Structure formats: structure tokens, C-alpha cells
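**Q** this one's sequence-less:
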């Protein structure tokens with residue numbers, strides 16, 4: 001009897017040990033799947049409208065900055081509305097090939113240590129198997145062309161359209177099937193290239209009381225509340241050093257810029273980030289680009305010397321961001 005009790009008792013710790021081991025292994029695997037930012041990282045965002053508009057709201061960068069208070073990480077937004085992996089929107093008065101070359105040069109100038117690519121949504125429209133193959137070929141070329149920077153890559157999967165009162169449900173459903181096909185292909189591509197994957201399609205607990213119409217204007221373009229919600233989804237995709245950061249929710253879908261600074265530390269941080277983003281935007285993409293650097297630079301090209309003067313202004317904002325992200 002005593003031996004039977006001893007035998008049963010001796011097996012119980014082994015079962016518990018095995019269960020705990022499996023649990024720890026699962027947690028480790030989940031943590032390994034998450035993206036991590038390192039001290040000194042320079043993160044460059046590249047993509048279309050989703051990326052370009054983020055700089056106006058600043059919620060993503062605010063979330064990541066506050067979630068890594070112990071690390072100096074800087075961000076540069078190179079998004080361009082309507083952009084594709086072929087840089088079709090970046091050509092301006094030039095060809096897409098020239099716009100693509102300028103984009104590569106600009107990314108290299110930023111000396112990135114991480115590049116987050118956000119493509120696939122625009123390319124999926126009208127997309128069949130042939131379109132998907134062409135996309136993946138160019139997506140791979142983009143990664144290859146940027147690999148000499150030595151940066152790590154993260155692939156932001158294209159987001160599905162949301163249900164909206166202004167949308168045609170059958171067409172939305174059909175398009176979301178195409179988007180899902182592109183997203184799956186990008187996920188496989190990332191696995192082959194040892195790149196991270198960022199999937200913002202799953203709502204975070206922070207947005208449980210919001211409906212799809214609260215997040216976008218038309219089921220496609222995200223508003224301030226939408227970017228706020230996506231920031232919390234983004235938080236859940238990263239192996240952060242500060243857990244549970246929750247940003248103040250915007251009071252309106254399209255808030256105006258505050259005249260005076262908020263008393264909330266996180267909102268103060270966001271205000272500095274938005275101001276920095278605006279300065280950097282004018283640094284790399286001035287409104288009179290054609291007159292300063294393009295084919296009409298013979299008229300005002302002498303004023304191009306003014307553009308680098310944005311740099312110290314950006315650095316001042318960066319210093320304030322470093323101070324504010326401590327939140328202590």
C-alpha cells in the first residue's frame with residue numbers, strides 16, 4: 001500500500017512538471033513570434049495611405065514609444081498615399097521607376113535598423129493569381145534592394161475592409177477574400193525571409209465597445225479613433241518592456257490640433273510626436289519639391305539650402321519625446 005502511494009505520488013510531480021514545461025514552451029513560442037524593438041533602433045515605416053496618415057495622428061508611434069521607456073527608438077514615416085510596391089504614387093512628374101529609386105535612396109539615408117513594410121491592400125484590388133505573383137516578385141525585390149541597409153524587416157499585413165453603412169456588402173466581402181489571399185502570401189513570404197509579421201486584424205480588448213463605423217470613414221480609411229484602436233492592436237504584436245499602456249481615446253474621429261498642451265502625459269507625448277512628424281514630412285517631401293529638386297529647380301533651386309534646417313528642429317522634438325516617454 002505504501003509503495004502504491006509512493007508510486008502515485010512520484011508520478012504527480014512529473015505530470016505537473018511536464019504540463020508546466022509545455023506551458024512555458026508555448027509562452028516562449030508566443031513571445032518569439034512578437035516583434036521587439038532594441039535600444040538605438042531607427043524604425044522606418046514604408047507603405048501607402050495607412051502609413052502616411054498615421055503620422056498625422058501619431059497613435060502608433062506614441063504607443064511604441066511609451067511601451068519601450070527604457071530604450072531609445074526613433075521613427076521615420078515615409079508613407080505615401082496610394083503607394084504600391086512598384087512606387088506608382090511616388091513618381092510625381094517622373095516615372096514610377098524614378099520614384100522607386102528615390103524611395104530607396106531616402107530609406108538608406110535614414111540608416112534604419114528596422115523597416116516595416118505595409119503593402120498588399122492596394123495591390124489586391126482586381127487581383128488574381130497573376131497579380132499576386134507579380135506583387136510577390138516586386139515585394140521580394142523591395143526587400144532585396146533594402147537588405148544592404150542591414151535592417152530587420154517586419155511585414156505589416158494588409159487590413160480587411162470593415163463593414164460600413166456606405167459600403168456594398170457583397171463587394172466588400174469579395175475584396176476581403178482577395179486581401180486575405182495577399183495577407184496569407186505575405187505571411188509565407190515573411191517566414192521564408194526570416195522577417196517578422198505584424199497582424200492588426202484582431203481587435204484589442206481596449207476597443208470592445210466600438211463598432212466598425214466608429215473606426216473608419218468608409219470602411220477603408222481609418223479615422224483618429226481607428227488609429228487609436230490600431231495602436232492597441234500594435235501593442236499586442238510587440239514584445240514590449242512596459243506592459244498594458246493604454247492611450248487616451250480621441251474625443252472625435254477627426255480632432256483638430258490642440259492650441260494648448262494636454263495635461264495627460266501620454267497625450268503630451270503624442271503632441272510632440274505629431275509635431276516631429278510634420279517637421280520630418282517637410283524635410284523629405286516639401287510641397288514645392290519640383291521647384292527645389294525637380295525639373296523646375298532652375299527657378300527656385302537656390303532655396304534648397306533651407307531644407308536641412310529642419311534637422312535641428314526635428315532633433316529638438318526627439319529630445320522632448322525621449323523625456324516624455326518615461327512617464328514618471
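**A** Great, that's in hand. Being a predicted model, the structure only gives us computed values, none of them experimental.

**Q** I'd guessed residue 58 sits against residue 280; true?
**A** No - assessed by CB atoms under 8 Å, residue 58 is found out of contact with residue 280, at 11.9 Å. Quick note: C-beta positions are derived from backbone N, CA and C, even for glycine.

**Q** who's more crowded, these two?
**A** Neighbours around residue 58 and residue 280, counted as other CB atoms under 10 Å, are more numerous at residue 58. The numbers are 26 against 22.

**Q** so what's that one up against?
**A** 270-271, 273-274, 277 (CB atoms under 8 Å, 6 or more residues apart in numbering).

**Q** Before we move on, what's the pLDDT of it?
**A** At residue 58, the model reports a pLDDT of 97.

**Q** Can you pull the phi/psi pair for it?
**A** Torsion angles at residue 58 (phi, psi; degrees, to the nearest 10) stand at phi 80, psi 10.

**Q** quick one: it and residue 137, what's the gap?
**A** With the distance defined as CB to CB, to the nearest Å, residue 58 ends up 34 Å from residue 137.

**Q** I'd like the distance between residue 130 and residue 269.
**A** 45 Å.

**Q** more neighbours, these two?
**A** Set residue 130 next to residue 269 and count neighbours by other CB under 10 Å: residue 269 wins out with 25 against 8.

**Q** what's the neighbour count on residue 127?
**A** That count, for residue 127 with other CB under 10 Å as the rule, works out to 18.

**Q** Now it: closest residue in space, sequence neighbours ignored.
**A** Excluding its sequence neighbours, the residue lying closest to residue 127 (CB to CB, 6 or more residues apart in numbering) is residue 178, at 5.1 Å.

**Q** Output the below-cut-off pLDDT ranges for the stretch 51-200 of the chain.
**A** Within the stretch 51-200 of the chain, the segments meeting pLDDT under 70 span 164-167.

**Q** same thing but at 80, please
**A** When residues are selected by pLDDT under 80, those of the stretch 51-200 of the chain lie in 91-93, 126-127, 163-168.

**Q** Please enumerate the strands of it.
**A** Secondary structure of the stretch 51-200 of the chain, counting by DSSP state E, counting those that start in this stretch: strands at 74-77, 114-118, 152-156, 196-198.

**Q** The third one pairs with which strands?
**A** With DSSP bridges as the test, strand 152-156 is paired with strand 114-118 (parallel), strand 196-198 (parallel).

**Q** Verify the contact between residue 238 and residue 60 for me.
**A** No - the pair residue 238 / residue 60 is not scored as a contact, 10.6 Å apart, by CB under 8 Å.

**Q** who has more neighbours, these two?
**A** A count of neighbours by other CB under 10 Å puts residue 60 above the other of residue 238 and residue 60, at 27 against 18.

**Q** contacting residues for that one?
**A** Contacts of residue 60 (CB under 8 Å, 6+ apart): 54, 227, 230-231, 234.

**Q** got JSON lines for these, with secondary structure and neighbour count too?
**A** Shown next, in JSON lines, are these (DSSP: H, G, I helix; E, B strand; the rest coil; neighbours: other CB atoms under 10 Å):
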{"residue": "54", "secondary structure": "helix", "neighbour count": "24"}
{"residue": "227", "secondary structure": "helix", "neighbour count": "23"}
{"residue": "230", "secondary structure": "helix", "neighbour count": "23"}
{"residue": "231", "secondary structure": "helix", "neighbour count": "27"}
{"residue": "234", "secondary structure": "helix", "neighbour count": "22"}
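
**Q** Out of these, which is nearest to residue 146?
**A** residue 54 (19.8 Å; CB to CB).

**Q** Please consider this matter closed, and thank you.
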